[in-house]
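J.: Provided below for reference: sequence and predicted model.
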There are 2 protein chains.
Amino acid sequence: MSERLIYLPLGGAGEVGMNAYVYGYGPEGKERLIVVDLGVTFPDMDGSPGVDLIMADTAWLEANVNRIDAIFLTHGHEDHIGAMPHLWPKLRAPVFARRFTAALVAIKMEEAGLASDMIRVVEPRPKAIDVGPFRVQFVPVSHSIPESSALIIDTPAGRVVHTGDFKLDGNPVVGEPFDPLEWHEIANEGAGIKVLCCDSTNVFTHNPGRSESTLVAPLRDFIAAQKGMVVTTTFASNVARLKTLAEAGRAAGRSVCLLGRAMRKMVQVAEEANVLKGFPGTIQPEEAVDVPRQNLMLIVTGSQGERRAATAQLSRGKYLGLSMKEGDTFLFSSKVIPGNERGVIKIMNAFSEMGVDVVDDRGGLYHVSGHANRPDLDAVHDLLRPQILIPMHGEHRHLREHAKIAQSKGIATEIATNGTMLDLTGPAPKVVEYIETGRLYLDGTVLIGALDGVVRERIRMALNGHVLITVIIDEDDVPLGDAWVELMGLPERGKSGGDMMKIIEDELSAFLESAPEKIVRDDDKLDEALRRIARQVAMEEIGKKPEVTVVVSRLMAE
Amino acid sequence: MSERLIYLPLGGAGEVGMNAYVYGYGPEGKERLIVVDLGVTFPDMDGSPGVDLIMADTAWLEANVNRIDAIFLTHGHEDHIGAMPHLWPKLRAPVFARRFTAALVAIKMEEAGLASDMIRVVEPRPKAIDVGPFRVQFVPVSHSIPESSALIIDTPAGRVVHTGDFKLDGNPVVGEPFDPLEWHEIANEGAGIKVLCCDSTNVFTHNPGRSESTLVAPLRDFIAAQKGMVVTTTFASNVARLKTLAEAGRAAGRSVCLLGRAMRKMVQVAEEANVLKGFPGTIQPEEAVDVPRQNLMLIVTGSQGERRAATAQLSRGKYLGLSMKEGDTFLFSSKVIPGNERGVIKIMNAFSEMGVDVVDDRGGLYHVSGHANRPDLDAVHDLLRPQILIPMHGEHRHLREHAKIAQSKGIATEIATNGTMLDLTGPAPKVVEYIETGRLYLDGTVLIGALDGVVRERIRMALNGHVLITVIIDEDDVPLGDAWVELMGLPERGKSGGDMMKIIEDELSAFLESAPEKIVRDDDKLDEALRRIARQVAMEEIGKKPEVTVVVSRLMAE
């Protein structure tokens, strides 16, 4: 039986976030496997109310767990490592990551009460890791967190480059620059690059990406021009931006204070891992309260409007003794991720009510993206000259646009969304199988399937309200007393002006009084009949049909 | 007692949408009142799940209903007239509107089974309506719906200009242009303009607004360049855009078909009201199915991703026999209203999966706003030279920014959000009172207060799930049988791996077996004890505390 090289995205291909990719090599159905990244994405009220985190469903990997040789983590962002504490216990393969990423993952595992000794710290290329039929090298790329890496995955079928998240930045403030000379070398070793699996996040952004270092001067000038306290926010994991902001604040003559647990920890871990050097001295929140406002700058968590982060807390009042007031300035050194607009706008208006000037990134002066824009992608295709280009990390529209670019250059390509297994052995990718895939929700402390119906029930209660009906049936199959109704999330009064609970109870009781015995004796029929009456009354009274739960208690002859 | 001129926004000041403003003149507390606009805004899953429409709470107006002389409607958009069927029955004052607006309102009232004979059709200035101490004139302004008008409200305390929604468009395709000469005249009559209450929607947009007429050529060229079927969407009420799109489609040699009830009706009403002339001939959906794709253009509803509109339906499959496929093009000739991103992106990806090219307004070629941008606002301030400028229609940050502009020009101003009553009699506005105000939710067919707790219960069920507990207590205050538990929106199994319903039931039953009589006899204490146990078990099993409803049924001695 001939051997083949396969690619199977389980997350990140059809969405931005929740990255999880599988490569395999070997005889069909017996390929040895490696996993690249195990990330999360974040819930929203529309589709996943009450959920804490969302990650790829790894059922297929679990069914093939003995074939997994290793897990590789490209960098330390949540959408690449956040699922480790939840999914690693199901996969239990050795984990390879660079020092800083490894440190972040180890903290995560330990916080979840898990061991972290399966994490192996690796050095970048020319060091290589041999696992099964794969030889893997980490190649430094620039992104918004230090030690971000692309992976070179050499297989008997040829060389695969998995870019991870990257941008072209020759001067990235912290972390390593994108090095075209090294990539030229990589493209020219042996038979060159067979497959490029490439980040598609910014394929619709038509200007070339800008370097992190271009932000320092505008930020310094902006901060220096403000008269009151300046508060800035960005992603806690954007270590480069934290340094840029802190340096700009110090250059503007201000004391700098980091606010928010995630941010303080990120700086600490980065310093310990030796990837963040020369971070300006900062002061503690308890000291900050005594600094004159015009001499103070805070860097705070919560750029996406997260309810419990420092930004949202400051918008509601005091946080660790600090609060904003008239004449202060709040700067979003960040982009709003689509879907988070409402929360961010709410915060902007709360600040506005305090008399705080809010500045966002609309002018493009105070934020740059961590991903390669379209011209940058073009440059990378041309530099690497792959035989096959597989767009990854993006919504379907991003993948499709990226595939179109490949086609226009005569590079073989295929849009492979989560669950699509490609055979990459030949000169062009071939879809060989669709794997049953999906999403897992971390709900409290439990992992549930997105399609288990649990969250669907919650959404239905949120849209329609919930009616509870209790009836007691005695030993002789005769209703005992009246039906009892409780309403949750429903108006008390409707069209008739009467108490709706009472009206439903009356209708149910009237039904029970004359209900045929064959219905009263049958739990399902009784449930169905009571439910239908309650929904019908609600429809008449308030114009909507609520969810209904019926509890029939039957007294037993003793 | 001296007389005074008051202004009281009830909606639209502190948000975009839901416009409802009150002006009054007379002795304090006895001012005669007029209402300007009664609009709605739209619910979202985050804050108002299951709600159909949101509008201003008119409790204060209802308490002063005998003082209301009239309701004026500036134009026919939902956020200015949408609450009429729901709020007019509480206010019952005569309604003044221009012909097309009146026609749209009449349809709305009739669809709700209400009379429409309180609507008086008015002609624009120089015609004037005298009601109480007010003389009101409708002045045509350009916006994205025909017959949009500003109001001149002359009072014994001076002239107020209420702009309504407007833009500066000298060539608005349909509707009347903004006429600087007429406004110059208005500003120079008598003592000039005392108060300008001015639209703030686009105060953060720094380029001058563009005319609707600039879209025709780019749209025609775009449509002509497409090879498959072209489908475009915009707001159904944007009559000008409908005409622009239809003309561009015809110019590109395509048959044009309108899809979506709201859009077809809007064109029909506009033609009947004589505000839409020369709309190109269109074909019916049943004819469209037979037209070759490259000769067909659809104009469809649902630019904001509304689930039931034509755009969303096409993204899910067939709609009235028409469907999109590989090679077709979908154009959003519209802007995404913040908060609607998720729904729109979902649709874009669904089209992408079909192989449809999706084009949005990112390039600015295929959409212009209906509101005055910052330089346009500047021009209007300078043209009208008001003594006082009150920013209206905007979130707090918009109002604040607009007030800053006024201040920088030495114009007296005040940020008045919903419920803030201003005295405008003197040379500068004075806050005189804060009125208890809020929002009403249309929920099915019932109006409920936003703070009634109904929607809060729904949100809590969506976030936390819902546990129902039923226990029966016999005539001697002894629990009869075991507790009965049902779960809604909660996982079946938690940490222990057992059936959580069963585990809660067992804990409750164990408690009931040995519960002190004084708890079992007391409904509140029993409820509280059972609730606490259920929440504690859930916390241990699944790491979250659900909502709990306890139903205690007590058997009575007969």
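T.: The structure has been received and is ready for your questions.

J.: And the strands in the stretch 151-300 of chain A, which stretches?
T.: A:158-162, A:193-199, A:230-233, A:255-259, A:296-300 (DSSP state E, counting those that start in this stretch).

J.: With mean neighbour count and mean pLDDT added, can I get the ones you listed in JSON lines?
T.: For every residue, glycine as well, the C-beta is placed using N, CA and C. Converted to JSON lines, the strands of the stretch 151-300 of chain A look like this (neighbours: other Cβ atoms under 10 Å in any protein chain shown; pLDDT from 0 to 100):
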{"stretch": "strand A:158-162", "mean neighbour count": "23", "mean pLDDT": "98"}
{"stretch": "strand A:193-199", "mean neighbour count": "26", "mean pLDDT": "98"}
{"stretch": "strand A:230-233", "mean neighbour count": "28", "mean pLDDT": "98"}
{"stretch": "strand A:255-259", "mean neighbour count": "24", "mean pLDDT": "97"}
{"stretch": "strand A:296-300", "mean neighbour count": "26", "mean pLDDT": "98"}
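
J.: Please name whichever of these is nearest to A:Lys495.
T.: Nearest to A:Lys495, of all the strands of the stretch 151-300 of chain A, is strand A:230-233, at 48.2 Å by Cβ to Cβ.

J.: buried set for stretch A:34-52?
T.: If you call a residue buried by 16 or more other Cβ atoms under 10 Å in any protein chain shown, then stretch A:34-52 has these buried ones: A:34-45, A:47-52.

J.: would CSV of the strands of the stretch 151-300 of chain A with distance to A:Val121 be doable?
T.: Compiled in CSV, the strands of the stretch 151-300 of chain A are given as follows (distance: least, Cβ to Cβ, whole Å):
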stretch, distance to A:Val121
strand A:158-162, 19
strand A:193-199, 24
strand A:230-233, 31
strand A:255-259, 26
strand A:296-300, 29
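
J.: just the buried residues of stretch A:34-52 that are near chain B?
T.: The subset of the buried residues of stretch A:34-52 lying close to chain B, counting by Cβ under 8 Å from any Cβ of the partner chain, consists of A:Asp44, A:Met45, A:Pro49, A:Gly50.

J.: how near is the third one to A:Leu451?
T.: With the distance defined as Cβ to Cβ, to the nearest Å, A:Pro49 ends up 15 Å from A:Leu451.

J.: The second one too?
T.: Taking Cβ to Cβ as the measure, A:Met45 and A:Leu451 are separated by 19 Å.

J.: do the last one as well
T.: The span separating A:Gly50 from A:Leu451 equals 16 Å under the rule Cβ to Cβ.

J.: Also A:Gln284?
T.: From A:Gln284 over to A:Leu451 the distance is 47 Å, taken as Cβ to Cβ.

J.: Endpoint to endpoint, stretch A:48-68 covers what distance?
T.: End-to-end distance for stretch A:48-68, by Cα to Cα, to the nearest Å: 31 Å.

J.: In contact with the nearest residue to A:Asn340 once chain neighbours are set aside, which residues?
T.: Among residues not flanking A:Asn340 along the chain, A:Gln304 sits closest, at 4.5 Å (Cβ to Cβ, 6 or more residues apart in numbering or on different chains). Residues in contact with A:Gln304 (Cβ atoms under 8 Å, 6 or more residues apart in numbering or on different chains) are A:Ser334, A:Val336, A:Ile337, A:Asn340, A:Gly343, A:Val344.

J.: Give me the number of neighbouring residues for the residue of the stretch 151-300 of chain A found nearest chain B.
T.: Closest approach of the stretch 151-300 of chain A to chain B (Cβ to the nearest Cβ) occurs at A:Phe204, with a separation of 7.5 Å. Other residues lying near A:Phe204 total 16 when counted by other Cβ atoms under 10 Å in any protein chain shown.
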